[in-house]
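Visitor: my questions are about this predicted structure, shown below with the sequence.
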Amino acid sequence: MVDRLRSKGARVVPEEPIDFDGGRYAFVHPGSTHGLLIELLEMREGQ
């Protein structure tokens, strides 16, 4: 999903999603969404 958002011109921070025990996450910068900060969360299988 991160690559697809970037291809549409969205600024995703950090550059690579951050790993944590249950999966990984990143944010869409508010400058790309008219002031709204969006958190992207991808859970691992079985979580």
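Guide: Done, it's in.
Visitor: which residues in this protein form helices?
Guide: 2-7 (DSSP state H).
Visitor: low pLDDT regions in it?
Guide: 47 (pLDDT under 70).
Visitor: ok, now with 80
Guide: 46-47 (pLDDT under 80).
Visitor: the longest strand in it is where?
Guide: As assigned by DSSP state E, the longest strand anywhere in the chain is strand 12-20.
Visitor: check which residues of it are buried.
Guide: 12, 17 (16 or more other C-beta atoms under 10 Å). Backbone N, C-alpha and C define where each C-beta goes, glycine included.
Visitor: direction included, what does that strand pair up with?
Guide: strand 23-28 (antiparallel) (DSSP bridges).
Visitor: how far does the partner strand sit from the chain's center?
Guide: Relative to the centre of its chain, strand 23-28 is centred 4 Å away, using C-alpha atoms, centre = their mean, to the nearest Å.
Visitor: how about residues contacting that strand?
Guide: For strand 23-28, contacts defined as C-beta atoms under 8 Å, 6 or more residues apart in numbering pick out 2, 5, 10-14, 16-18, 37-44, 47.
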